[in-house]
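Asks: Just to be clear, the model below is a prediction. Sequence and coordinates:
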Amino acid sequence: MAQSYFSAPARSSSSLAKEPLLSNHCGEKHLKVEDVQEAYIEQKDRLIQALDSSKSILGELRRFNKEEWLVRYPTLHEQPTAEASSPPRTKPRRSLRRSLSFADDPDNQTEVLYTPVREGLTRAVTLASISDAQEGTDTKPADEGMSQGEGDTCGEKLMASKDGDFNIFRLDLKLGPHGSTTSPAALVSHLEKSSIASLLDERIGASVNHMDKLRLRVEDTSSKVLVTGDLNSGKSTFVNALLRREVMPIDQQPCTTAFCEVHDAAENNGKEEVHLIKEGVVYSISDESTFTRASLADLETIVSDNEDVQPVLKMYLSDSRAPSESLLNNGVVDISLIDAPGLNRDSLKTTALFARQEEIDVVVFVVSAENHFTLSSKEFLGNASNEKAYIFIVVNKFEQIKNKEKCKRLVLEQIKQLSPRTYEDAEDLVHFVDSAAALRPYTANPAFDDLESSLRSFVLVKRSKSKLQPVMTYLSNLLSDVDLLVGANAIVAQSDLDQAKNDLMRVKPVLEQMKGNQELLEENLESVEELGAKKTDTRTKAILSSAIERVGQGLPGVDTTISLPAFPGFLRIWDYARDVRKALLASLDAAVKLAEDEARVTTSAGVKKIGELSDANLPEGVEKSRRVFMPEAMFSLRSGKKGLRRRPSTTATAVVAGGVHNLGIGLSQRSDMLDTSIFDIFDFHRLWPHFANDEKEAEDEASPTTALSVLSVGIGAFTMVGKQILGARDIINGIARISELLRNETTRRWVAPVLGILSVFVIGATAHLVYELPNTIPRTIGRRIRTSLVAIDENSTEDELFINAHAGRVSRETRKVLRDASLDLKERFRVAMEERGKELKNAEEMERKAKRALEYFVEVETKTGLIRNDAGLNSML
């Protein structure tokens, strides 16, 4: 049952017993009422039950359309004929190959086999691929037991049907200039599914209301006969001929603008008169407030005075003829004869006439033999055929036609297209007469007598055909539309079910795998982040520690192009000390740059690892990350961001974020770090060992300075930079004072040893300055730089030291980059898993709805088959 919708099983013998006796009476004109009354009552009861069941189906279909499934509106299109080279078929095809599409998606077409309604089957819509596969395996041909002639007839009927179009549910909108009508697909293809479903719901609602009126009509024991046709076709003349008296106004100009409903005067206590129904009230013969009385003589005046109002009149007439001859006074059922305005008078009156069809049991259509069927006539008959398969057609003014055979042939050809069932029963239902001739007294008119006899038989004796047949036709068309609707939507439901199953098979394993890998992925990302940050931290500390040690030894921090300046001589020793300090600081900046470069390499490896984790854990179809890692962007200054504010300390001032390479101000660019002092030239801690023992050389560099060392530094400074300390006048004054001292005998006794000691000291200091000072200055400055970078004072912490601060900064930058990449992957993984979760939920919901829809559509198909069987609708096929 997956895709074949829907063929009902063959009818059983018990179902055949439920069929009405219509087929037994189709060729007879004169039957006794008693012969068909029992069958009529039985069929009426079955139709009432079928109407109630069909109404229940439509109500459930509307609820299903609103709450559970948007019912699609299908259209079937003819396909190009098969090529001549295709092999001939040995038997006529019972199904027609069509392209199925839907109004909301007209470009998406599916090849199907469409089987119109025929005996024993509901209308079927089957995928062509499945039907072709079944066709090759069937052991019993579909046409077995049929003669060739029957097969040809069946094929002819199939091609003459409305191949796949709706009868009742047709969304026939009026669009374009002059109210032009196009195909349903072209009219609603621009609408959304919900809009089309809403339009369909309105049409189904209209069908429910119509069935309520049909039920009232079936239960009503009376019959209403509508006489209509084009303007000047002779409708009023025909009604007068039926009544055998001139009651209706007749003129060369159109004069019938009202709905004149003629009843037997017996219903009005035998009184002939006209009741003009008041507008907006429900007529009741017992309530005079609903109508105005008038005489028959005033009828023409009433009609002419109300041309623009279109009144509804109730006319009560007496017929003195015997019940066996009279249509009104027939002695069987109450009959009302309705003379309606012409169809093409104006659109308002035509629309009103269409609205009255649901109240009509029999339509007598009067057409002029001179004009045949106009566009208005064809439109009316096409609309009437949805309900009334049999229409009584009167071709009036036939006696005025010269070539009568040609006229008959042309009219019957048109009837065959407009109402096939009427054409099949044309002998009883199509009559060529001249109504005016029937009103001539004492003149025989066999054609009109035959018409009257056929109409009386059709209305009175064959009430199952005249009164119940329209209801059966409407039900049959309605159920066919329901079958086509649910059959096409069942194909959609099956397609959705297959798609949902495929989506579940595709999405569910992926989602379960993602859930299982989520925790491991997060652990791996944390590991990559931690390892990368730890590696850069360790490596930065190693590089900077090595660089500081080298600087402490008076060497550049890294083996780069940075080298110490050459000694320019003692006269420029102050500039030399400054240049050495700048070079050593620049080498430390280069070490920082080297640590940053290695951090970039480490970070790139971490980002690559995260990319590998992305490829391994993200499912197919997920867009790759648009983030591009640029290593050179690391450690760059970011606009709008300020450096961290630290509390002041002697060591903290040496901590900077990078060097001269786009990294802010480095050590070698800071004026406070480039300040040179006397302590960069003379190392008080290193001058004492020339005069002390080896134990003193082992003392810590931070030991206090002795008086002798200060004296030696002072003399050396006086010798080298005396001009910056003492003036020439001071030197002369000193010499004069020494001369005075030498005049004293006591002084002369101890001055000689002192001068000897001073001479030795001066000679040693001079030798030290000459030979050691160019080499000791880099070491002195380096030791001072190292001490300033590694020492911790009371206002700083260990994390603020040069090495630790840079290691933390570099590792934080690495961690930030890796964390951003990790967060991006986590977010994409979360979004992907969320999308797969939604897909899974949607697929499960689609599967549930599609299963429910399939079950419901099959259930509806079963119900429509039972209704057809119980109501005897199969006999109509």
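Replies: Okay, I see it. Numbering: from 1, shown residues only.
Asks: residues near the spatially closest residue to residue 295 that is not a sequence neighbour, how many?
Replies: Excluding the flanking residues, the one nearest residue 295 by Cβ to Cβ, 6 or more residues apart in numbering is residue 273, at 6.1 Å. Yep, even glycine has a C-beta here, placed from its N, CA and C like the rest. Other residues near residue 273 come to 16 when the count uses other Cβ atoms under 10 Å.
Asks: Which residues are in contact with residue 273?
Replies: 293, 294, 295, 296, 315, 316 (Cβ atoms under 8 Å, 6 or more residues apart in numbering).
Asks: Over to residue 554?
Replies: With contact taken as Cβ under 8 Å, 6+ apart, residue 554 is in contact with 564, 584, 775, 778, 779, 780, 781, 782.
Asks: cool, residue 102 as well?
Replies: Each residue near residue 102 by Cβ under 8 Å, 6+ apart is listed here: 72, 73, 74, 75, 108, 488, 492.
Asks: Any figure for the gap between it and residue 75?
Replies: Distance of residue 102 to residue 75, computed by Cβ to Cβ, to the nearest Å: 7 Å.
Asks: What segments of the stretch 151-300 of the chain are strands?
Replies: Along the stretch 151-300 of the chain, the stretches classed as strands by DSSP state E, counting those that start in this stretch are 223-229, 259-264, 273-277, 291-294.
Asks: most tightly surrounded among the ones you listed?
Replies: Here the criterion is mean neighbour count by mean count of other Cβ atoms under 10 Å, and of the strands of the stretch 151-300 of the chain the winner is strand 223-229, at a mean of 24.
Asks: For that strand, enumerate the helices and strands it packs against.
Replies: Where contact means 3 or more Cβ pairs under 8 Å, 6 or more residues apart in numbering; DSSP states H and E, strand 223-229 is packed against helix 235-243, strand 335-339, strand 362-368.
Asks: residues making contact with it?
Replies: Contacts with strand 223-229, where a contact means Cβ under 8 Å, 6+ apart, come from 235, 238-239, 261, 327, 333-340, 342-343, 353, 356-357, 359-368, 377, 380, 394, 396, 455, 459, 463, 466-467.
Asks: Same question for stretch 240-254.
Replies: If you take Cβ under 8 Å, 6+ apart as the criterion, stretch 240-254 is touched by 231-232, 236-237, 239, 255-256, 260, 262, 296, 299-300, 303-304, 315, 317, 319, 321, 327-328, 337, 339, 341-342, 345, 435-436, 438-439, 448, 452, 455.
Asks: Please save the CA atoms from that stretch in PDB.
Replies: Extracted C-alpha coordinates of stretch 240-254, given in PDB (Å, rounded to 0.1, in the frame of the first residue of the first chain):
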ATOM      1  CA  ASN A 240     -47.000  27.900 -20.600                       C
ATOM      2  CA  ALA A 241     -47.100  24.900 -22.900                       C
ATOM      3  CA  LEU A 242     -46.600  22.600 -20.000                       C
ATOM      4  CA  LEU A 243     -49.400  24.300 -18.100                       C
ATOM      5  CA  ARG A 244     -51.600  24.400 -21.200                       C
ATOM      6  CA  ARG A 245     -52.400  28.000 -20.500                       C
ATOM      7  CA  GLU A 246     -50.700  31.400 -21.100                       C
ATOM      8  CA  VAL A 247     -49.700  32.500 -17.600                       C
ATOM      9  CA  MET A 248     -46.100  33.600 -17.900                       C
ATOM     10  CA  PRO A 249     -45.600  37.000 -19.700                       C
ATOM     11  CA  ILE A 250     -44.300  36.600 -23.200                       C
ATOM     12  CA  ASP A 251     -42.600  39.200 -25.400                       C
ATOM     13  CA  GLN A 252     -40.100  39.600 -28.100                       C
ATOM     14  CA  GLN A 253     -37.900  41.500 -25.600                       C
ATOM     15  CA  PRO A 254     -36.700  39.600 -22.500                       C
END
